[in-house]
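J.: Mind looking at a prediction? Sequence and model below.
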Amino acid sequence: MESDIFRALADPTRRTVFEKLAVRGMNASDLRRGMTISQPAMSQHLAVLRSAGLVRERRDGRFVNYEVDPEGLARIGQWLARYRAYWPRRIDDLKALLKDMDQ
Amino acid sequence: MSDIASKPRQEAEIALEYELDAAPEKVWRAIAVAAFRERWLPEADLAEPEPIASVPGVEVRYRMREEDAPFPESTVTFRIEPAPHGGTLFRIIHRIEGDARRNGANDNLRPMGLAA
């Protein structure tokens, strides 16, 4: 099964679910409130978010609560930070090369 | 030369745009010819030195090396188009590909679709 963060968040319903969970953790029934979505469909979306490492589940008595996975978020943040610093340096080198090259 | 914009479009994507003084043909050689590419984007940073896709004169895509990073792979696309006054509009679109968990939580085998 293919799972990736980019694809997980490309779906508008999953983005809504993820944004709700970013405010606070909740179970699937609470998540469905205000949305026109069946329980199986919600389970499916949560499974995709979980397999992308964006959401994790926590058992709370007889409920399963879902929450944003801080590890998954940290991985995205780490990656972005690294390459936001990386590309401007590469561009400086590219500009220097272009000055050196013949037309 | 000025950097026009620098903003992430998606959480797992970096999109940057630069304006270069050099003509598009010259920028194309700098990004697509290995000997030139090596001088600003070293092979050590790439998963493979050859592009994985290319539209001559327009865009070229490389796979980036991510072995010590939290994601298994990423691809970067360089797109060029002529800018006013003979320069080049240069875009970088860099995104994570593949399964983000593979290097992370070690829970690849966790069953999917548990009861919600």
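T.: Sure thing, it's come through. Numbering: from 1, shown residues only, chains lettered A, B, ... in the order given.
J.: Please make it C-alpha for all contacts and neighbour counts, starting now.
T.: Fine.
J.: show me what contacts residue B:32?
T.: The contact partners of residue B:32, taken as C-alpha atoms under 8 Å, 6 or more residues apart in numbering or on different chains, are B:51, B:60.
J.: Which parts of the chain are strands?
T.: No chain specified, so I'll use chain A. Applying DSSP state E to chain A gives strands spanning A:26-27, A:55-60, A:63-68.
J.: look at chain B instead
T.: B:3-10, B:13-20, B:53-55, B:59-64, B:73-82, B:88-97.
J.: Can you lay out the ones you listed as a markdown table showing mean neighbour count and distance to residue A:35?
T.: Output for those, formatted as a markdown table (neighbours: other C-alpha atoms under 10 Å in any protein chain shown; distance: least, C-alpha to C-alpha, whole Å):
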| stretch | mean neighbour count | distance to residue A:35 |
| --- | --- | --- |
| strand B:3-10 | 12 | 24 |
| strand B:13-20 | 21 | 28 |
| strand B:53-55 | 12 | 40 |
| strand B:59-64 | 21 | 39 |
| strand B:73-82 | 20 | 34 |
| strand B:88-97 | 21 | 29 |
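J.: hmm, back to that, can you add distance to chain B and give the strands of chain A back as a markdown table?
T.: As requested, the strands of chain A are exported to a markdown table (distance: least, C-alpha to the nearest C-alpha, whole Å):
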| stretch | distance to chain B |
| --- | --- |
| strand A:26-27 | 8 |
| strand A:55-60 | 9 |
| strand A:63-68 | 6 |
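J.: which of those strands is buried the deepest?
T.: Highest mean neighbour count of those: strand A:63-68, a mean of 19 (counted as mean count of other C-alpha atoms under 10 Å in any protein chain shown).
J.: List the strands paired with that one, with their directions.
T.: Sheet pairing for strand A:63-68, assigned by DSSP bridges, gives strand A:26-27 (antiparallel), strand A:55-60 (antiparallel).
J.: Same list, the ones you listed, but as CSV with mean pLDDT please.
T.: Formatted as CSV, the strands paired with strand A:63-68 follow (pLDDT from 0 to 100):
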stretch, mean pLDDT
strand A:26-27, 94
strand A:55-60, 91
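J.: remind me which residues of chain A are low pLDDT?
T.: Scanning chain A for pLDDT under 70 picks out A:1-4, A:6, A:103.
J.: how about the residues of it near chain B?
T.: Contact residues, chain A versus chain B (C-alpha under 8 Å from any C-alpha of the partner chain): A:2-6, A:27-28, A:39, A:43-44, A:46-47, A:51-53, A:64, A:75-76, A:78-80, A:83-84, A:90-91, A:93-95, A:97-98, A:103.
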